[in-house]
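Engineer: build me a structure from this.
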Amino acid sequence: MPDVSLFSPAATPALRLPQSGAGLPGRAVYLWALGLALAWLLTTLVVVDRTTPIDNTVGGPDYSRGVAQPAPVVAVAEAYQAEASSVAQASTVAAQEAPAADTSSAAAVTESAPAAVAVPAAPQPQPVVAQPQTPAERWRAEGIILETEGQEWDATSLANVDAALSKLPAAVRASLGSRALGPLRIVVNSQGRALSGKQPYGRAANFFSTNDGVNELVLYPRQSAATVLHELGHAYNLRTMPAGRYALVLLDAEMASFMAATGWQLVSTPDQVRAARDQTQVAYAYDGGFVWPRLSHEDPLEDFANSFALFFLDPAELQRLSPARYDWFAANLNR
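Structural biologist: Residues are numbered from 1 along each chain as shown. Okay, here's the model as predicted:
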C-alpha cells in the first residue's frame, strides 16, 4: 500500500503505516493509522492556538517581529485589573474636576422663603365688658348719695332724680351743697323726714336742708325732674353758706348780682339779714317785669331756684320768659 501523507513533507514527518503482513488485520491497521493521524492533528491545532494571540487591531497581526509568546494567565489578569484601576482613577479625576452643583440658589431660596410652619394662633384676650353702673353707683362716684335705707324710692323717683342730675354740667354737680358738710344725700319719703327723722315742715315737703350739719335733699315720691332741679338749685345757691344759715346768701356777691339783674332789692339791713333765721324773716322789694306763675315763697332764693331749674331743663323757654334771667345764668353757670 503506498504511503499516506496528510501534510506536505516540509510541514509534517512522514507517517508510514505498517505493512499488512505485520500480523494485524488490514482494516485494524488502517483505523489505527487514522487515529494516530487525528491525534497528531489535534496536537498541532492546540499549539497554533497557544502561539498565535488574538489581535483586535485593524489590519491583522504583524509577524515581522516574530511570534509573540503567550501571556501567562496571571499577567493577563493583572493587565485587566490595571486597566480597571485606570478607568476608576480617570472617573475620580473627572468627578473632582467637574464643577460642583451650585446649591447657593437653592439655599438662598430656602433662606428667603422658609417652609411655612403652621403656628396655632394665640388665644385672643376677651375684651372686658364693663357692667353698666346703676344710677346710685354712678352718682356716688361724684359725691352724690342716693340714700335707700328706710326710704320710698320707686322707678319714677329714681328716673327723675337721675334725669335731673344728668342735666347739670359736672362742674355744677360738684358744687351742690357745702362740701364742708360732706356729700349731697338725697332721700325720698312721703313724710318730709330728714335722715335724722326730723320733719322741718311737720308734713310732706320738698326741700334742701343743712340744719343737721349735712347736705340733704328731701323729696316726696315721684316728683318731676323740674321739681328735683328746683331743689338742686337751692343746693347750688347755698353751697358756701354755713349749716342752717340760709339768709346769709343774700349778702353773697353772686346772689347780689342775680338780684340786681332780675329786679330784686334787699330792704332789710345787713345786720338784720345776719340775725335772721332764714330768708322768710328778711324784707325785699321787687320791680322786675317778669313774675313766676307760682312760687312757694316770694323771695330771691325761690326765684333763683326756679330760674336754675328752667335754664338746665329748657333754656329756650327761660330765654323766652325772662331774657334777663337767661342771660345771667348763661354768663355765670354755662360751664
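Engineer: can you show me the strands along this protein?
Structural biologist: Secondary structure of the chain (DSSP state E): strands at 144-146, 184-188, 207-209, 215-219, 264-266, 284-286.
Engineer: need those strands in CSV (columns: distance to residue 248, mean pLDDT and mean neighbour count).
Structural biologist: The C-beta positions use only the backbone N, C-alpha and C, and glycine is treated the same way. Compiled in CSV, these are given as follows (distance: least, C-beta to C-beta, whole Å; pLDDT from 0 to 100; neighbours: other C-beta atoms under 10 Å):
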stretch, distance to residue 248, mean pLDDT, mean neighbour count
strand 144-146, 24, 96, 21
strand 184-188, 19, 97, 23
strand 207-209, 15, 96, 22
strand 215-219, 16, 97, 25
strand 264-266, 12, 96, 17
strand 284-286, 15, 95, 13
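Engineer: and of those strands, who's closest to residue 200?
Structural biologist: Proximity to residue 200 (C-beta to C-beta) singles out strand 207-209 among the strands of the chain, at 6.2 Å.
Engineer: and the gap between residue 236 and residue 229?
Structural biologist: Residue 236 sits 10 Å away from residue 229, going by C-beta to C-beta, to the nearest Å.
Engineer: now do the shared contacts for these two.
Structural biologist: Residues touching both residue 236 and residue 229 (C-beta atoms under 8 Å, 6 or more residues apart in numbering) are residue 308.
Engineer: the more surrounded of these two?
Structural biologist: The neighbour comparison of residue 236 against residue 229 (other C-beta atoms under 10 Å) goes to residue 229, with 24 against 18.
Engineer: doesn't residue 167 make contact with the more buried one?
Structural biologist: Yes - contact criterion C-beta atoms under 8 Å: residue 229 and residue 167 qualify, at 6.6 Å.
Engineer: need the overlap of contacts for those two.
Structural biologist: 312-313.
Engineer: what about stretch 175-182, start to end distance?
Structural biologist: Terminal residues of stretch 175-182 lie 11 Å apart, using C-alpha to C-alpha, to the nearest Å.
Engineer: in this protein, which spans are helices?
Structural biologist: 26-51, 73-97, 104-112, 135-140, 155-167, 170-173, 225-237, 253-262, 270-275, 300-313, 315-321, 323-332 (DSSP state H).
Engineer: how about residue 329, nearest residue that isn't a chain neighbour?
Structural biologist: residue 311 (4.2 Å; C-beta to C-beta, 6 or more residues apart in numbering).
Engineer: can you tell me how far the one you found is from residue 233?
Structural biologist: From residue 311 to residue 233 the distance is 9 Å (C-beta to C-beta).
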